[in-house]
Structure formats: structure tokens, C-alpha cells
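Q: just need the structure, nothing else, for what follows:
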Amino acid sequence: VQLVESGGGLVQPGGSLRLTCVASGFTFRFYAMSWFRQTPGKERELVAAMRSFGGSTNYADSVKGRFTISRDDAKNTVYLQMNRLKPEDTAVYYCYARWDYGAGYDYWGQGTQVTVSS
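A: Here you go, the predicted structure:
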């Protein structure tokens, strides 16, 4: 099982980035997919989530209207489009997969660094 994130980097405030997470080794379409983020000394927090089969989404209040989660089940991929980035969005972003039909397995990616700075 693998979740491989990419797309992080350094961006100026107000800029955009798109994170990508490619999954392998499990039946992607049956899993709810999420993005979390973490900064040093703080707990990992949920940023955005999408249920299986392109179902409902939810977002942290701090990113509503700026970030969009989407998925392509044909490509086993989940995306996080991040617009109007702020310095407080700086964090390591993690992809997370959770079986969406009751008790089951879950998986984490290795993380990708996003730094918003001028």
C-alpha cells in the first residue's frame, strides 16, 4: 500500500498550489480520502475530506472557499487545489485514506511540505 503526495513547495501569499496523492495497493474507490496538515508542535488537523465515489465533502473553516478537494477514481488519485494561500497555510500536508464502509483499514502518505512566504 502506498500514498504518494506531490505538488508541495514554496509559494508567495495569494498564490496557488495543487497537491496530488496517488494511491496504490488498495481499492481506492471504496475509500474516503482526506488531506490533513501539521506544523511543528501542533496536532495534525483535517483540511478537507471527500467520501467514496465522489461523495460529500467537508472542509476546515480556515480553508473554506479557498481549497477544493477532488478525486479521480480511474487514476486512484486525490487532489487538493489550494488558492489564495496564506502564511498560516504553511505546513506538511498528508494524504489519508480510510475505508468508507465501517471498520476497516486506513493509510497515510509521507507528507509534502507547503511553505507560503514572501
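
Q: going by C-alpha atoms from here, please, whenever you check contacts or count neighbours.
A: Will do.

Q: SS state for Arg29?
A: Secondary structure, DSSP: H, G, I helix; E, B strand; the rest coil: Arg29 is helix.

Q: hang on, isn't it packed against Lys75?
A: No: using C-alpha atoms under 8 Å, Arg29 is not in contact with Lys75; the gap is 9.9 Å.

Q: contacts for the helix or strand hosting Ala48, please.
A: For Ala48, the host element (DSSP states H and E) is strand 45-50. Residues from elsewhere that reach strand 45-50 (C-alpha atoms under 8 Å, 6 or more residues apart in numbering): 32-38, 56-60, 63, 67-70.

Q: repeat that for 7 Å
A: Residues outside strand 45-50 that contact it (C-alpha atoms under 7 Å, 6 or more residues apart in numbering): 32-38, 56-60, 69.

Q: ok, now stretch 54-68?
A: If you take C-alpha under 7 Å, 6+ apart as the criterion, stretch 54-68 is touched by 46-51, 71, 80-84.

Q: weed out the non-buried ones from these.
A: Those of those that meet the buried threshold are 46-51, 71, 80, 82-83, by 16 or more other C-alpha atoms under 10 Å.

Q: in the protein, which residue is most central in space?
A: Among the residues of the chain, the one closest to the centroid is Trp35, at 2.5 Å (C-alpha atoms, centre = their mean).

Q: so between Arg29 and Lys75, which is more surrounded?
A: A side-by-side neighbour count of Arg29 and Lys75, using other C-alpha atoms under 10 Å, places Arg29 first with 20 against 12.

Q: quickly list what Trp35 is bridged to.
A: Trp35 has these beta-bridge partners by DSSP bridges: Ala48, Cys95.

Q: I'd assumed Ala91 was in contact with it.
A: No: applying C-alpha atoms under 7 Å as the test, Trp35 and Ala91 come out as separate, 11.7 Å apart.

Q: that older thread, could you dump the contacts of strand 45-50 to TSV with pLDDT, secondary structure and distance to Asp100?
A: Shown next, in TSV, are those (pLDDT from 0 to 100; DSSP: H, G, I helix; E, B strand; the rest coil; distance: C-alpha to C-alpha, whole Å):
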residue	pLDDT	secondary structure	distance to Asp100
Ala32	97	strand	5
Met33	98	strand	9
Ser34	98	strand	12
Trp35	98	strand	15
Phe36	98	strand	17
Arg37	98	strand	21
Gln38	98	strand	23
Ser56	95	coil	12
Thr57	97	strand	13
Asn58	97	strand	15
Tyr59	98	strand	17
Ala60	98	coil	20
Ile69	98	strand	17
